[in-house]
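Asks: give me the fold of what follows.
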Amino acid sequence: MRKIAFSLATVLLLTACNSENASKLPIEGQTKQEVVNMNEALIGKWQGMIDIPQSPLEIILNLEKNSGNISVPAQGLSEFPFELIVYNDSDVEIKINLAGSIINITGTLKDDQLEGMFTQNGQSFPITLKPYTEAAVTYEKLDIPVADGELKAALQMPERPTGELVIIHAGSGPTNKDGNTIGGGANNGLKMIAESLAEQGIASIRFDKRGIGENTALITREENLTFNMYVQDVIAIIDYAEKDKRFNEIHLLGHSEGALIMTIAAQQNEVDSLISIAGAGRPVDEILMEQLTEMLPPDLLQESEKALRKLKAGEKVENVPAELQSLFRPSVQPYMISWLKYDPQQEIKNVKAPILILQGKKDIQVTEADAKNLQAANGKAVIHYFDKMNHVLKDIEGNREQNIASYSDPKLPLATGLIDEIASFIK
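Replies: Okay, here's the model as predicted:
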């Protein structure tokens with residue numbers, strides 16, 4: 001179910017889940033830290049990648065003499081403590097118990113890097129780590145009052161601001177302020193948009209969605225999350241920005257599912273424009289069925305159709321087949337019910353602000369037909385297509401495999417012309 005991982009991002013590596021298949025290392029069964037002829041050069045923070053095919057994942061290990069912790073920025077995991085660490089000269093072995101899921105990490109210091117293996121739930125992947133370098137924070141940190149607390153956000157201010165502000169909303173699933181899905185690797189698409197707009201004098205606010213990363217605490221139980229909460233968070237940011245005298249224009253930019261969220265928010269506020277990038281032009285149940293048709297056998301496809309029909313009617317699904325739990329688990333159903341009631345065409349019809357619709361022709365999740373549907377619903381909308389742009393806003397020259405690989409490649413630049421189109425529309 002590869003496409004679903006991109007659109008609804010479910011259970012992935014490092015996410016807590018019970019397993020009896022964890023690889024056994026020499027430290028298995030020990031209950032305290034041990035130090036044996038330790039090479040002092042191991043002590044400190046190390047940063048690198050778990051070499052997962054097509055989806056490399058960044059990790060940071062903080063090695064101390066008798067303890068340590070792991071951070072996974074893309075998953076919002078910060079300084080989670082080791083259960084056990086053992087040193088033997090230039091070798092280190094680590095055990096982590098993540099809510100019952102056992103992670104084992106082995107490494108050997110070679111020259112200036114740490115090389116080894118990461119093992120979880122019976123799967124092993126190579127790791128290569130180098131001494132950690134603190135990333136420069138190029139944005140102003142904001143705490144914005146919202147329901148249930150404060151939303152942590154990043155304000156990207158230009159050196160020579162023009163007074164224009166863009167509020168950026170990420171797509172579906174557990175997606176952070178940079179446009180990266182938890183467990184899915186990093187592409188940094190939204191981070192690149194914010195930084196590129198700043199070069200044009202345009203400020204922006206982007207943020208981890210509630211329940212994700214820095215804003216994990218805003219949702220304590222998955223079943224409490226609804227689609228409208230995301231809309232209300234945007235409205236709170238608009239209210240906050242309107243009081244900041246540095247800004248005289250507020251624009252909303254939504255990517256994928258974020259486009260629908262921003263569309264609804266634009267109806268409820270006097271904003272200067274709405275920018276929809278890779279926004280769906282049909283209700284989500286139609287898109288899901290289109291995706292599932294390519295991947296599921298007839299019996300599960302029929303079960304999915306029945307489940308979506310009930311959820312769209314506002315009813316919960318009692319019996320969900322094990323193969324469909326990632327999509328229709330009970331805890332996600334309240335969100336699905338609240339999401340399915342919206343038709344993007346009907347919502348964009350009610351937006352009075354100027355609208356820009358941007359769509360890539362290499363997008364394997366949202367199609368050109370979706371963009372056309374949105375424009376047809378609001379004849380004042382301006383539409384622009386990019387021949388090579390895919391769903392994560394990168395240019396693709398090759399096949400589907402290259403397209404998928406780009407979802408976790410932060411080195412790829414934004415699609416050619418994307419920032420120019422956004423900036424010229426705003427200005």
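
Asks: format the CA atom coordinates belonging to stretch 167-179 as PDB.
Replies: Listed in PDB are the C-alpha atoms of stretch 167-179, where the atom choice follows Å, rounded to 0.1, in the frame of the first residue of the first chain:
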ATOM      1  CA  ILE A 167       1.100  31.300   6.300                       C
ATOM      2  CA  ILE A 168       2.100  27.800   5.100                       C
ATOM      3  CA  HIS A 169       0.200  24.600   5.900                       C
ATOM      4  CA  ALA A 170       1.500  21.100   5.300                       C
ATOM      5  CA  GLY A 171      -0.300  18.100   3.800                       C
ATOM      6  CA  SER A 172      -1.900  15.000   5.200                       C
ATOM      7  CA  GLY A 173      -0.600  12.600   7.800                       C
ATOM      8  CA  PRO A 174       2.000  13.400  10.500                       C
ATOM      9  CA  THR A 175       3.800  16.200   8.600                       C
ATOM     10  CA  ASN A 176       6.000  18.800  10.100                       C
ATOM     11  CA  LYS A 177       6.700  22.400   9.300                       C
ATOM     12  CA  ASP A 178       9.400  21.600   6.700                       C
ATOM     13  CA  GLY A 179       7.000  19.400   4.700                       C
END
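
Asks: could you pull up the mean pLDDT of that stretch?
Replies: Averaging the model's pLDDT scores along stretch 167-179 yields 92.

Asks: off-centre distance for it?
Replies: For stretch 167-179, the distance from its own C-alpha centre to the chain's C-alpha centre is 5 Å (C-alpha atoms, centre = their mean, to the nearest Å).

Asks: next, the residue nearest the centre of the chain: phi, psi?
Replies: To find the centre residue of the chain, average its C-alpha atoms and take the closest one (C-alpha atoms, centre = their mean): that gives Thr175, at 2.0 Å. In this entry, Thr175 is assigned phi and psi values of phi -110, psi 140 (degrees, to the nearest 10).

Asks: my guess is it contacts Asn187. True?
Replies: No: checked against C-beta atoms under 8 Å, the pair Thr175 and Asn187 is beyond contact range at 10.5 Å. The C-beta positions use only the backbone N, C-alpha and C, and glycine is treated the same way.

Asks: which stretches of the stretch 201-350 of the chain form strands?
Replies: 203-207, 249-255, 273-277 (DSSP state E, counting those that start in this stretch).

Asks: and those as CSV, adding mean neighbour count, mean pLDDT and distance to Asn121?
Replies: What follows is the strands of the stretch 201-350 of the chain, written out as CSV (neighbours: other C-beta atoms under 10 Å; pLDDT from 0 to 100; distance: least, C-beta to C-beta, whole Å):
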stretch, mean neighbour count, mean pLDDT, distance to Asn121
strand 203-207, 26, 98, 31
strand 249-255, 25, 98, 31
strand 273-277, 27, 98, 35
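
Asks: any regions of the stretch 1-150 of the chain where pLDDT drops low?
Replies: Counting by pLDDT under 70, the stretch 1-150 of the chain contains low-confidence residues at 1-36, 54-55, 74-76.

Asks: let me fix that: the stretch 151-300 of the chain
Replies: Within the stretch 151-300 of the chain, the segments meeting pLDDT under 70 span 182-185.

Asks: and the helices in it?
Replies: In order along the chain, the stretch 151-300 of the chain carries the following helices (DSSP state H, counting those that start in this stretch): 189-199, 227-242, 257-267, 284-293, 298-312.

Asks: related to what we said a few turns ago, and the closest residue to the residue nearest to the centre of the chain other than its chain neighbours, how many neighbours?
Replies: What sits nearest to Thr175 in space, not counting adjacent residues and going by C-beta to C-beta, 6 or more residues apart in numbering, is Thr181, at 5.1 Å. By the measure other C-beta atoms under 10 Å, the count of residues near Thr181 is 28.

Asks: how about the one 10 residues further on?
Replies: Burial measure for Lys191: 22 neighbouring residues, criterion other C-beta under 10 Å.

Asks: who are the contact partners of the nearest residue to it once chain neighbours are set aside?
Replies: Leaving aside its chain neighbours, Lys191 sits nearest to Asp178 (3.8 Å; criterion: C-beta to C-beta, 6+ apart). For Asp178, the residues meeting the contact criterion (C-beta atoms under 8 Å, 6 or more residues apart in numbering) are 186, 188-191, 206.

Asks: out of those, which comes closest to Asp148?
Replies: Proximity to Asp148 was ranked across those by C-beta to C-beta; first place goes to Arg206, at 20.1 Å.

Asks: isn't that closest one right up against Ala194?
Replies: Yes: Arg206 lies in contact with Ala194 (C-beta under 8 Å); the separation is 5.5 Å.

Asks: okay, and the common contacts of the two?
Replies: Here Arg206 and Ala194 share the contacting residues 154, 156, 168, scored by C-beta under 8 Å, 6+ apart.

Asks: for the second one, which non-adjacent residue is spatially closest?
Replies: Distances taken as C-beta to C-beta, 6+ apart place Ala194 nearest to Gln156, at 4.2 Å, with adjacent residues excluded.
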